[in-house]
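[1] here is my input, please return the structure:
(chains A and B)
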Amino acid sequence: MRKILPYFAGSRLKGILAPLFKMAEAVSELIIPLIVAEMIDNGIANSDKRYIVLLGIQMIILGSIGLALSITAQYFAADTAVSTVKRLRHDVYTKIMGMSYSDYDKIGSANLITRMTADMDSVQNGINLTLRLLLRSPFVVAGAVIMSFRVDRSASMTYAVIVPVLAVIIITAMILSVSLFGKVRARLDRVLISVREYLTGTRVIRAFNIEDRQVEEFRSLNNGLTALQKAAGAVSSAVNPLTSTVVNIGIAALIYSGAVRVNAGLLTTGAVVALYNYMSQILVELIKFANLINSIVKSLACAKRISGVLSTEEHKPNTNETASAEGYINFKDVSFAYDGSSEYSVENISFEVGKNETVGIIGSTGSGKTTLMNLLCGNYKPEKGSISIDGASVFSAGFEKIKNRIAYVEQKPLLFTGTVRSNLTMGKEDISDEDIVKALRAAQAYEFVSERDGGIDCEVLQGGKNFSGGQRQRLAVARALCSKPDILILDDASSALDYYTDAKMRDAISEYGNSTVFIVSQRTSSILSADKIIVLENGKMEIGTHSELLKSSPVYREIHYSQFEEDEAI
Amino acid sequence: MKKTTFVKILRLINNHKAALVFSFVMTVFSVACALYIPVLAGRAIDLISGKGSVDFSQLKPLLIKISAFAVSAGVFQWSSGLINNKLTLEIVRDIRNTATAKISRLPVSYIDSHPVGDTVSRIISDAEQFSEGLLLGFTNLFSGVLTIAGTLIFMMRVSLRITPVVVLLTPLSLLVARFVARKTHSMFMRQSEVRGRQTSLIDESIAGKKVISSYGSEKYFTDRFDEINEDFASSSLKAIFYSSITNPSTRFVNNIIFAFVALTGAITVMATGAMTVGGLSCFLAYAGRYAKPFNEISGVITELQNAFACSERIFDFIEAKESENTEKPGVEITGPKGQVSFENVSFSYIPGKKLITGLNLDVAPGSRIAIVGPTGCGKTTLINLLLRFYDPDEGTIRFDGTDIRDVPVSSLRLNYGMVLQDTWIKTASVRENIALASPGATDEEIKEAAKAAYAHSFISRLPDGYDTVISDASTEISHGQKQLICVARILLTNPAVVILDEATSSIDTRTELKIRNAFNLISEGKTCFTVAHRLGTIKNSDLILVMKDGDIVEKGTHEQLLDMHGFYEQLYNSRVT
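    Below you'll find the predicted structure:
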């Protein structure tokens, strides 16, 4: 919460004025029962028609003042909520964009998206409601109690009993519903997963003839959900009748104690009516208040989660590291483990790569290939050893410039809504049409792009879903080529392409320009002509050329011969 | 709102007629009790006329009466609330159960052509909103209408003269609420439109954060975000502010009504004596309450409209055309040999856009068929036809010589086992997943199957071993391991024909080796269809089907196909550069 408070700074005045205006409005409402009492006691008793009309006009004026006050308050509250959350959104977004990979992985993109959308909406709503009502409702209740005490102290003792009883009812109901609704949510998720799986697994389920079991499982989950919902509903539907009953009994008690005082000549009839009216006002406010608390509790939880994102560490380069290493790219005894993992993902990695060399990387799933490439990009910090590129140590200040010269293409590349052009330029204005076409041609993507309406300006839908998997991979390669990288990493980036297109693309890339290329692949055919091949197995490496590795590395031999039978191996 | 939808909803409610009537009666009682209280309170106040003249002997029973009515009103209100809850929740429960049971009876083509998310949202969220709308309808509409009617009756009994003041002025507050709602509707539409744009930018830029960072395009995206954020803030402010005018405005109107009632009331009391002070205070209590149900009812109407729209989406699903081939009686397959033949089969997903034409194929029991070709939908089509997820447009498919349309589908499908690339793992324990098709399997049998499928060792290393709950999304087990679990499933069912999908690059070659060994195990002595990606492995197949764009373009043995100098040869030569 402390992280969120500074965001109110720009709206401080409005944020303070909103509840104040609300209170002022509440005061105007609290005066009305007094005017009615005055009407009864002095107006009717003295048969003073003019006085009654005057009081009636006063009530209307008071109502108008209340209207003006509350509309102003609503505006201030809405403005404070919206501007505060706008600033918060901007900062959290910037924070996420600049977040380190390890923090990003830890929180997870799905959670970050929820922080930015649903949580933000909930906080905005919470701020708005708090400013509007949180102060108003207790104020009206307290005000009504105080006013009635002013009218008559001893007759108002009823309040001393009623208000705590009401508070207990509302708080108990709230606590019960929070836990029950939590259970309902969790169960609803299970029900949802059950339907979803039934649909996604429909072929398997039918092939195994287990439709009935799936339906039965859903039915029992669903019936359980209904039972939970009934329990939650029973609690929430009890609040209103209970509070009304208590207030009505309170009214009876109030009238009785009022009657005693009137009989003794200590109180007027009008005052009793006023006391009665205050009790009614309390009832209305309490109901509003109970509804409000739920949403405020919810938005507080959301604010807490957003704070969590804001308090992640800034991704800062470590300036006091320099390196004087040989070769263009140099890994020296590098070991790295992911957060929370006791085992190294890669261990004792040492190699050198010269400028414009091509390096193949091969190994089984989880052997550390992608980790190695992420370390090269400076996305994670190695626990041991040093990595340097062109003399600059990764994580040093000088590295930031080099980092932007690395292009990384993943197996499942992401395209953004926009056009092929906007996806290739990624916001950079110095990329010409020729550059784009050249990159598309090399990535074997020009043909299908030019067939579309608009050519390089053709539309790309969200996630690039109007392109096939193989086309997306080729567009991502083109995007990387467009940035004319010094280092190009293709991390299984052609897995959806057939062997023929894959080979053509690799040829085109090698002729494309001066880049040091890393090819991570499962296919030995993709890497066998590389200058160096790194074989990874459980985080440990072997290095050599294709023919060297065939002799020296059993792992490499196994991988290679599983794809080519021995007699036809090259 | 379609009339038929209304009829359908009535039919659903009709099953709960007794509960509905009971709820209505309870509401009538609770409203009557609640409305009678101000009358009693008014009478009580009249007994408090001044010093020494309070009639306690009459006052006390009156106050006890108020308390009694207060308690009864509460009890009645709660009972009707409970019944309404039960009613709506059970209606929704039944709808959901019906809808889910419906899934089995829908043709696979329906499921293929409707996004999963859409169907799920019909069964889950639409049903939810329908129930909420219905609940609000039952609760607020009943009590709202009754409260309005009851208040009118009670007010007229207290004073005929002042009632018109309330009746004539109240619609004002409704009009104000309507006016504001109409004005704000377009602002809310605009807000949700901008929110939609903002959400999709947030979605893709956060999901693609690593790509954005690696191209140094953070600023480009932040600028785009800021622009939308600014837009969203201004549309949001408008929507929130204008809609928040409703409450103060209606409150203002109510205050005016209150003032008028007080004014005319006081004058009536004074001038004619046709009304007492207690009567006036009773009247004021009514005036304060009279407007509330109007606002509630107008809220209910929008809620109900939404509920109807949601129910239409559910009904559409429940009434979708069912497949014709479900459980037709026929001769069950006994002692399957695994012979499959295609006779002049033509098939297309979209009428007029032919996919497979005139396919003839005779697969002897125990033979190995390989399917090759660029990634596409070819293999799915074959599975769809073999297992009768779809029927061919022309021609006949036979299993052991019998036309598969003359066999009950369940009996046909039991003879197939498939392990596909897109494995399907249920959210359940590993044990349940392996025994998916054989619920009677013992722990021993499950373990045996897992061992044979090279899955036992990694399963044992999972936190809870065979009791670890896994799902399609779980990251504790890799994709290849999921496939091995599917292999274990098939080992338990032991079908006559297996359909296997060779691993592509998303699985590493060593796990793949295990999968291939496991595949050899389950396909031993069986008819086996393999979707192959590595041509080196299929040379010994009895028959190779070369697929392109969904159609089978070439078929034959490895040597025959190379002699054709066609697409297969081109594919075969391109794998080595």
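[2] CA atoms for contacts and neighbours, from now on please.
    Noted.
[3] was I right about B:Asn84 contacting B:Thr139?
    Yes. With contact defined as C-alpha atoms under 8 Å, B:Asn84 reaches B:Thr139; the gap is 6.8 Å.
[4] of the two, which one has the most company?
    Counted by other C-alpha atoms under 10 Å in any protein chain shown, B:Asn84 and B:Thr139 do not tie: B:Asn84 has more neighbours, with 25 against 21.
[5] element containing that one?
    Assessed by DSSP states H and E, B:Asn84 sits inside helix B:56-105.
[6] can I get the strand or helix carrying B:Leu513 in PDB, CA atoms only?
    Assigned by DSSP H and E, B:Leu513 belongs to helix B:509-523. Extracted C-alpha coordinates of helix B:509-523, given in PDB (Å, rounded to 0.1, in the frame of the first residue of the first chain):
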ATOM      1  CA  THR B 509      16.300 -36.700 -29.800                       C
ATOM      2  CA  ARG B 510      17.100 -38.800 -26.700                       C
ATOM      3  CA  THR B 511      13.500 -38.700 -25.300                       C
ATOM      4  CA  GLU B 512      12.400 -39.300 -28.800                       C
ATOM      5  CA  LEU B 513      14.500 -42.500 -28.900                       C
ATOM      6  CA  LYS B 514      12.600 -43.700 -25.800                       C
ATOM      7  CA  ILE B 515       9.300 -42.800 -27.400                       C
ATOM      8  CA  ARG B 516      10.300 -44.600 -30.500                       C
ATOM      9  CA  ASN B 517      11.200 -47.700 -28.500                       C
ATOM     10  CA  ALA B 518       7.900 -47.400 -26.700                       C
ATOM     11  CA  PHE B 519       6.100 -47.100 -30.000                       C
ATOM     12  CA  ASN B 520       7.700 -50.200 -31.300                       C
ATOM     13  CA  LEU B 521       6.500 -52.000 -28.200                       C
ATOM     14  CA  ILE B 522       2.800 -51.000 -28.600                       C
ATOM     15  CA  SER B 523       2.700 -51.500 -32.300                       C
END
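[7] what residues does that helix touch?
    A:364, A:522, A:559, A:562, B:452-454, B:480-481, B:483-484, B:487, B:490-491, B:494, B:497-498, B:500, B:502-503 (C-alpha atoms under 8 Å, 6 or more residues apart in numbering or on different chains).
[8] restricted to buried residues, select those residues in ChimeraX.
    In ChimeraX syntax, the buried subset of these is picked out as below (16 or more other C-alpha atoms under 10 Å in any protein chain shown):
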select /A:364,522,559,562 /B:452,453,454,480,481,483,484,487,490,491,494,497,498,500,502,503
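[9] okay, and which of the contacts of helix B:509-523 map to strands?
    Residues of those located in strands (DSSP state E): B:Val497, B:Val498, B:Leu500.
[10] make CSV out of these and add distance to chain A and pLDDT.
    Shown next, in CSV, are the ones in strands among the contacts of helix B:509-523 (distance: C-alpha to the nearest C-alpha, whole Å; pLDDT from 0 to 100):
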residue, distance to chain A, pLDDT
B:Val497, 12, 92
B:Val498, 12, 89
B:Leu500, 13, 84
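[11] domains in chain A, by residue range?
    A:5-310, A:318-405+A:491-570, A:410-484 (automatic domain parsing).
[12] distance to B:Asn306 added to the ones you listed, as a markdown table?
    A markdown table is the format used below for the domains of chain A (distance: least, C-alpha to C-alpha, whole Å):
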| stretch | distance to B:Asn306 |
| --- | --- |
| domain A:5-310 | 21 |
| domain A:318-405+A:491-570 | 44 |
| domain A:410-484 | 29 |
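[13] ok, of the ones you listed, where does mean pLDDT dip lowest?
    Per-stretch mean pLDDT for these is lowest at domain A:318-405+A:491-570 (a mean of 80).
[14] for B:Phe138, which non-adjacent residue is spatially closest?
    Leaving out its chain neighbours, the residue that sits closest to B:Phe138 by C-alpha to C-alpha, 6 or more residues apart in numbering or on different chains is B:Asn84, at 6.6 Å.
[15] just B:Ala70 next, same as before
    Nearest one to B:Ala70, counting by C-alpha to C-alpha, 6+ apart, is A:Thr245 at 4.9 Å.
[16] got phi/psi on the residue nearest to A:Leu475 when sequence neighbours are not counted?
    Nearest non-adjacent residue to A:Leu475, counting by C-alpha to C-alpha, 6+ apart: A:Ala445, 6.3 Å away. With angles defined as degrees, to the nearest 10, A:Ala445 sits at phi -120, psi -10.
[17] hang on, B:Glu322 is in a strand, isn't it?
    No. Read with DSSP: H, G, I helix; E, B strand; the rest coil, B:Glu322 is coil and lies in no strand.
[18] surely it and B:Pro107 touch.
    Yes. With contact defined as C-alpha under 8 Å, B:Glu322 reaches B:Pro107; the gap is 6.1 Å.
[19] please say which of the two ends up with more neighbours.
    B:Pro107 (19 against 16).
[20] residue contacts, the closest residue to the more buried one other than its chain neighbours?
    The shortest distance from B:Pro107 to any non-neighbouring residue, by C-alpha to C-alpha, 6+ apart, is to B:Ser323 (4.5 Å). Listed by C-alpha under 8 Å, 6+ apart, the contact set of B:Ser323 reads B:Arg105, B:Leu106, B:Pro107.
[21] next, count neighbours for the closest residue to A:Asn248 other than its chain neighbours.
    In space, and not counting its chain neighbours, A:Asn248 is closest to B:Ala70: 5.7 Å by C-alpha to C-alpha, 6+ apart. The tally of other residues near B:Ala70 (other C-alpha under 10 Å) stands at 28.
[22] repeat that for B:Cys282.
    25.
[23] and it, how far from B:Glu448?
    81 Å (C-alpha to C-alpha, to the nearest Å).
[24] next: A:Met97.
    For A:Met97 relative to B:Glu448 (C-alpha to C-alpha), the value is 49 Å.
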